[in-house]
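# Prediction below, plus the sequence it came from.
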Protein chains: 2
Amino acid sequence: MYDFIVIGGGCSGLSAGMYGTRLGLRTLVFAELPGGLITTTHLVENWPGVVSTTGPDLAMSLYNHAVASGAEIKNEIVSKIEKLADKDGFPQFKVVTSTGEYLCKTILLATGTKHRKLGAPGEAEFENKGVSYCALCDGAFFKNKVVGVVGGGDSAAKEALFLSEHASKVYIIVRRDVLRAEPINGQRVQQNKKIEVLFNTEAEEIFGSKSMEKVKFKQGKGKLSGQELGMQGIFMAIGQDPQTELAKNLGVALNDKKEIIINRKTETNVRGVFAAGDCCDTEFKQAITGSAEAVTASYYAFHICTTGPSF
Amino acid sequence: MYDFIVIGGGCSGLSAGMYGTRLGLRTLVFAELPGGLITTTHLVENWPGVVSTTGPDLAMSLYNHAVASGAEIKNEIVSKIEKLADKDGFPQFKVVTSTGEYLCKTILLATGTKHRKLGAPGEAEFENKGVSYCALCDGAFFKNKVVGVVGGGDSAAKEALFLSEHASKVYIIVRRDVLRAEPINGQRVQQNKKIEVLFNTEAEEIFGSKSMEKVKFKQGKGKLSGQELGMQGIFMAIGQDPQTELAKNLGVALNDKKEIIINRKTETNVRGVFAAGDCCDTEFKQAITGSAEAVTASYYAFHICTTGPSF
């Protein structure tokens, strides 16, 4: 019987592994992808206290800290979480993986999210070599460069506005003939001399050598139909998919974006089940905010495990 | 005119300095005590990703990161913050310090807290040499040692329960004849064989050489009245005083503990004023949670500064 089982081995999950064991909980972390999504980021400059590191190095430091604290980490894929009847007043869950079954009193869902991919040839090849999924994370690397943003929603507008503070030119590549941004952001895009919106335009393929150099557009109604356009970066702002199937099947409430609804204590609607990081309904998600949520979750899990039903 | 003025130079304030400038905000941090309260902690093992460091070293890394990001840091004492009339739709504040006046659009209050001191001789001398104000922070250093907890409330009970997982013996030193703990914690204290409650007992003086070695009790009704008791650690659980006078004078809402009330976006009730860290009403306060709150505050300050009144 574990006190605390953490589903997910990213920044949030590993932080919970460290903190849970530090609080004396028998803690097990299931890390399907040890290190999580940040391992796909080549440069991290916004983890407080670390001027510059790589995604893999940051992940490794969190992993090592969890291990040093005594957390058990298993590289198993969780297929199901079941809520059992309370036992001696404590909540009880069964976690089913590819190779076994585990019982615990509390659960942290830190299952993260996946950036939605465009699916264009060259996209995978130049990921982190010009292709990015986060302007706030990577925008500063494109000072005085030409970049594109793929997407037609408010987030594409906001990514472009943010990028315009660094880049010399920002193209928003919109598939339809309208940019569905919030009015204020739409106005700001229009007024911004660095930003040009390419309507009715779809990226067909991304080309480059060491890093990306240009985008070729599909045939269509847009003004650059079938043509190529040089740019050093392209940001995909076509959405995120939270990985919350396990949560949903456990009866955990999700919002309309399929994110797990948590409160300031990181509690979900199911007693004993907490959530942290990119899979949650926190509006502004960063590695550091997910890590802090995981620390908070560990603390409230500790309270359930040590005080039971009356806390 | 600054975009973002941060009051406080602890873990939260320095993180906001880094993040605000990273988001392109003209950011100024007032650090009365550069590094903040954590500089008084000799060992930090719960900052995710850092297995072990000192409080001053962690503070220095956050300070250096803020400076490297371009934050301006001034060692001035803020005496007053005034809300002025909005300007062009942006909020506007005047920050008055010992040597000047500064205007800005948004404010982060990261003014921290002070541990309430017992005031006993030896307390200051042996701080971090046995005398501690945080069992969760320092408890693990007292494995198989004898420790005391000073205080008669629920937090004293919880500190003692936590310490009992590390220490061989825990005395709760209660001034009155009752421990005012939540029922479950009171029961757990009673049932815990490592914990002994000393009622009607007050520490008079703390003695030691390199580190603390014993406590002498005042004359009184307690069973150890006037006697000495050997212990290697003593934890003061007699309360915290949030430093929120500036906030209060600005019209920011406080709770009954005088903590600043924030929401998940770290917004206070005054538009353009955010708060983060130990001065807030967050229940579980750690360096990492304060830092994450400051990052969140920077993001929403960025939105006010870039989109103005309509966001």
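Looks like it came in fine. This structure is a prediction, so every number in the text was calculated from the model and none was measured.
# Who are the contact partners of residue A:133?
A:115, A:235-236 (CB atoms under 8 Å, 6 or more residues apart in numbering or on different chains). Any C-beta I mention is one placed from the backbone N, CA and C, and that applies to glycine too.
# Return the subset of those lying in strands.
A:115, A:235-236 (DSSP state E).
# Most neighbours among those residues, which one?
Ranked by neighbour count (other CB atoms under 10 Å in any protein chain shown), these have residue A:235 at the top, with 30 neighbours.
# Would you mind naming the residues that bridge with that one?
residue A:132, residue A:149 (DSSP bridges).
# Which pLDDT value goes with it?
Looking at residue A:235, its pLDDT stands at 97.
# in which helix or strand would I find the residue in chain A that chain B sits nearest to?
Nearest residue of chain A to chain B: residue A:292, at 3.3 Å (CB to the nearest CB). Element membership for residue A:292 (DSSP states H and E) is helix A:287-307.
# distance between that helix and the chain's centre?
Distance of helix A:287-307 from the chain centroid (CA atoms, centre = their mean, to the nearest Å) equals 19 Å.
# ok and that helix relative to helix B:287-307, angle-wise?
Interaxial angle of helix A:287-307 relative to helix B:287-307 (axes from the mean of the first three to the mean of the last three CA atoms, to 10 degrees): 140 degrees.
# re earlier: which residues sit in contact with the closest residue to the residue of chain A closest to chain B other than its chain neighbours?
Nearest residue to residue A:292 in three dimensions, chain neighbours excluded: residue B:292, at 3.3 Å (CB to CB, 6 or more residues apart in numbering or on different chains). Residue B:292 makes contacts with A:286, A:288-289, A:291-293, B:15, as judged by CB under 8 Å, 6+ apart.
# Save these as JSON lines, and put in pLDDT and distance to residue B:129 too.
JSON lines is the format used below for the contacts of residue B:292 (pLDDT from 0 to 100; distance: CB to CB, whole Å):
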{"residue": "A:286", "pLDDT": "93", "distance to residue B:129": "37"}
{"residue": "A:288", "pLDDT": "97", "distance to residue B:129": "32"}
{"residue": "A:289", "pLDDT": "98", "distance to residue B:129": "35"}
{"residue": "A:291", "pLDDT": "98", "distance to residue B:129": "31"}
{"residue": "A:292", "pLDDT": "98", "distance to residue B:129": "30"}
{"residue": "A:293", "pLDDT": "98", "distance to residue B:129": "34"}
{"residue": "B:15", "pLDDT": "98", "distance to residue B:129": "29"}
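# And those, which is closest to residue B:139?
Using CB to CB, residue A:292 comes nearest to residue B:139 of the contacts of residue B:292, at 20.7 Å.
# Look at stretch A:123-132 and report the distance between its end residues.
9 Å (CA to CA, to the nearest Å).
# Can you pull the residues of the stretch 201-311 of chain A lying near chain B?
Neighbours of chain B within the stretch 201-311 of chain A, by CB under 8 Å from any CB of the partner chain: A:264-265, A:282-284, A:286, A:288-289, A:291-296, A:299-300, A:306-308, A:310-311.
# try 6 Å
Residues of the stretch 201-311 of chain A found near chain B (CB under 6 Å from any CB of the partner chain) are A:264, A:284, A:286, A:288-289, A:291-292, A:295-296, A:299, A:307, A:310.
# circling back to that earlier point, roughly how far does the residue of chain A closest to chain B sit from residue A:47?
12 Å (CB to CB, to the nearest Å).
# which non-adjacent residue is nearest residue A:9?
Counting by CB to CB, 6+ apart, the nearest residue to residue A:9 once its immediate chain neighbours are dropped is residue A:31, at 2.2 Å.
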